[in-house]
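>>> Predicted model, plus sequence, below.
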Amino acid sequence: AQSVTQPDIHITVSEGASLELRCNYSYGATPYLFWYVQSPGQGLQLLLKYFSGDTLVQGIKGFEAEFKRSQSSFNLRKPSVHWSDAAEYFCAVGPTGANNLFFGTGTRLTVIP
Amino acid sequence: GAVVSQHPSRVICKSGTSVKIECRSLDFQATTMFWYRQFPKKSLMLMATSNEGSKATYEQGVEKDKFLINHASLTLSTLTVTSAHPEDSSFYICSAYAGTGFNQPQHFGDGTRLSIL
């Protein structure tokens, strides 16, 4: 069965520091991969997605993610975090596409001045 | 583009009442809409998949008679929580999917905070 693991429940970084949020998935084939961000009391906003092709994907708000097949990972990165990036981040896997998503448990990001 | 509007954003009601939540795709036609439930500090749990003009497909463990879903048009799906009880209090989020294939993302509404007293 497919699963998505986000090992870090909560991460705290200083503003301006770099960020990496981890995501590992379990699936037989290469799934479709997504990162979403959720601000408190809000829905989810798509940051980026990977379907095929270049394994380094650029998203909105300066985020990028790299798909590593050998590690079954799709980690999210940002070179310099802004205070407004504080939110909950969800990795999602779609075995057959975006029409069937499995979400990780999320990583809460706190940004300190 | 790809805006999904969810209404109401927050609702508080007494136990035993029914509550309807609307999910609209404002600038695209959604062939499929999804309803999720999110518990505090937890991930999203898919409740059901709603296809326009057909019955919704419910996930295992979700009571279809309690959570009524109607997807009467390509831009509107509704979730009705019938005879709501305190344990139904949660954050409900809808998403809309425009694709006929696999390469369109889901677009999410801002969620509805449901509190049953």
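Received, thanks.
>>> So for residue B:13, what's the pLDDT?
Note for residue B:13: predicted pLDDT of 94.
>>> Am I right that it is in contact with residue B:19?
Yes: with contact defined as CB atoms under 8 Å, residue B:13 reaches residue B:19; the gap is 5.8 Å. C-beta coordinates here come from the backbone N, C-alpha and C atoms, glycine included.
>>> So between the two, which is more surrounded?
Shown here are residue B:13 and residue B:19; by other CB atoms under 10 Å in any protein chain shown, residue B:19 has more neighbours (19 against 14).
>>> what's the distance between the more buried one and residue B:5?
17 Å (CB to CB, to the nearest Å).
>>> Near chain B, which residues of chain A? Just list them.
Contact residues, chain A versus chain B (CB under 8 Å from any CB of the partner chain): A:32, A:34, A:36, A:41-46, A:49, A:51, A:90, A:94, A:96-99, A:101, A:103-106.
>>> All the strands of the chain, in order from the start?
Reading this off chain A. A:3-5, A:10-14, A:19-21, A:24-26, A:32-38, A:44-50, A:56-58, A:64-68, A:73-78, A:87-94, A:102-103, A:107-112 (DSSP state E).
>>> actually chain B
Assigned by DSSP E, chain B shows strands spanning B:4-7, B:10-13, B:19-25, B:32-38, B:44-51, B:57-58, B:67-73, B:76-81, B:90-97, B:106-108, B:112-116.
>>> Out of those, the one nearest chain A is which?
strand B:106-108 (3.9 Å; CB to the nearest CB).
>>> The closest one pairs with which strands, and in what direction?
Using DSSP bridges, the strands paired with strand B:106-108 are strand B:90-97 (antiparallel).
>>> Not counting the strand it pairs with itself, show me its contacts.
A:43-44, A:98-99, B:4, B:6, B:21, B:23, B:25, B:28, B:30-39, B:44, B:47, B:77, B:79, B:104-114 (CB atoms under 8 Å, 6 or more residues apart in numbering or on different chains).
>>> quick one: low-confidence ranges for chain A?
By pLDDT under 70, the low-scoring segments of chain A are A:1, A:28, A:97-98.
>>> again, only using 80
Low-confidence segments of chain A, defined by pLDDT under 80: A:1-2, A:27-30, A:95-100.
>>> one step back: shared neighbours, residue B:13 and residue B:19?
Joint contacts of residue B:13 and residue B:19 (CB under 8 Å, 6+ apart) are residue B:84.
>>> Close to chain A: what parts of chain B are there?
Residues of chain B lying near chain A by CB under 8 Å from any CB: B:4, B:6, B:32, B:34, B:42-44, B:46, B:49, B:93, B:95, B:97, B:99, B:101-111, B:113.
>>> which among the residues you listed end up buried?
B:4, B:6, B:32, B:34, B:43-44, B:46, B:49, B:93, B:95, B:97, B:104-111 (16 or more other CB atoms under 10 Å in any protein chain shown).
>>> End to end on stretch B:105-112, go ahead and measure it.
Start and end residues of stretch B:105-112 are separated by 21 Å (CA to CA, to the nearest Å).
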